[in-house]
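1. structure, please.
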Amino acid sequence: MGTAGCFYFLPLVPVEDNVPPTLVRASPARNGSVILTDRGAVVYIVVADQDNAEELTFLWEMSGSGILSGAQTIPDGANRRASQIQIPPEARFAGETLTVIANDNSGTTVVVSWLVEISEGALE
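-> Numbers count the residues shown, from 1 in each chain. Below is the predicted model of the structure:
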C-alpha cells in the first residue's frame, strides 16, 4: 500500500506579527519647527520597538540638501533607541524640511518632519 492520497501535516509554527515602532518623543515636538540659532540646532527623536529596538535604523534628510550625515544613535531603555543630529547654522536651510525616518527593518517606519526656520539675527 502506498502513501498516495495521504496528507502529512507539519506542526504549526506560530508567526509573530511585527509590532510597528512608535514615536516616544521628539525635540522639537512633532509638527513644530527647527529654529536655527547662531549655534545651529540639535534635533532628536526617541522611538520604541517592542520587537527588536536594536534593529532600528534612522535616516535624516533635508529637503533641499539630501541625506545628512553625522547623526548619532544611542540606546534609550530596553525597547527604545534615540537618534540625534546637529544642524549647522547655515542660511541655506531656511524654509527646508528636515525629515527623519526610523525603520524597523520589517517594512514599518516612523516618520517625523519639521520646517527649518532661522532665528532672527542668528546668522548675521
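2. grab the longest strand from the chain for me.
-> For the chain, the longest strand by residue count, based on DSSP state E, is strand 109-118.
3. can you give me the strands in the chain?
-> Counting by DSSP E, the strands of the chain are 22-27, 33-36, 41-48, 57-62, 66-67, 72-75, 80-87, 97-103, 109-118.
4. in TSV: those, plus distance to Phe9 and mean pLDDT.
-> (Each C-beta comes from the backbone N, C-alpha and C, glycine too.) What follows is these, written out as TSV (distance: least, Cβ to Cβ, whole Å; pLDDT from 0 to 100):
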stretch	distance to Phe9	mean pLDDT
strand 22-27	37	96
strand 33-36	57	96
strand 41-48	38	97
strand 57-62	39	97
strand 66-67	49	96
strand 72-75	42	95
strand 80-87	40	97
strand 97-103	36	97
strand 109-118	37	96
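5. now those in JSON lines, with mean neighbour count and distance to Pro14?
-> Below are these laid out as JSON lines (neighbours: other Cβ atoms under 10 Å; distance: least, Cβ to Cβ, whole Å):
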{"stretch": "strand 22-27", "mean neighbour count": "15", "distance to Pro14": "23"}
{"stretch": "strand 33-36", "mean neighbour count": "18", "distance to Pro14": "44"}
{"stretch": "strand 41-48", "mean neighbour count": "20", "distance to Pro14": "23"}
{"stretch": "strand 57-62", "mean neighbour count": "17", "distance to Pro14": "27"}
{"stretch": "strand 66-67", "mean neighbour count": "8", "distance to Pro14": "38"}
{"stretch": "strand 72-75", "mean neighbour count": "12", "distance to Pro14": "28"}
{"stretch": "strand 80-87", "mean neighbour count": "19", "distance to Pro14": "26"}
{"stretch": "strand 97-103", "mean neighbour count": "19", "distance to Pro14": "25"}
{"stretch": "strand 109-118", "mean neighbour count": "18", "distance to Pro14": "25"}
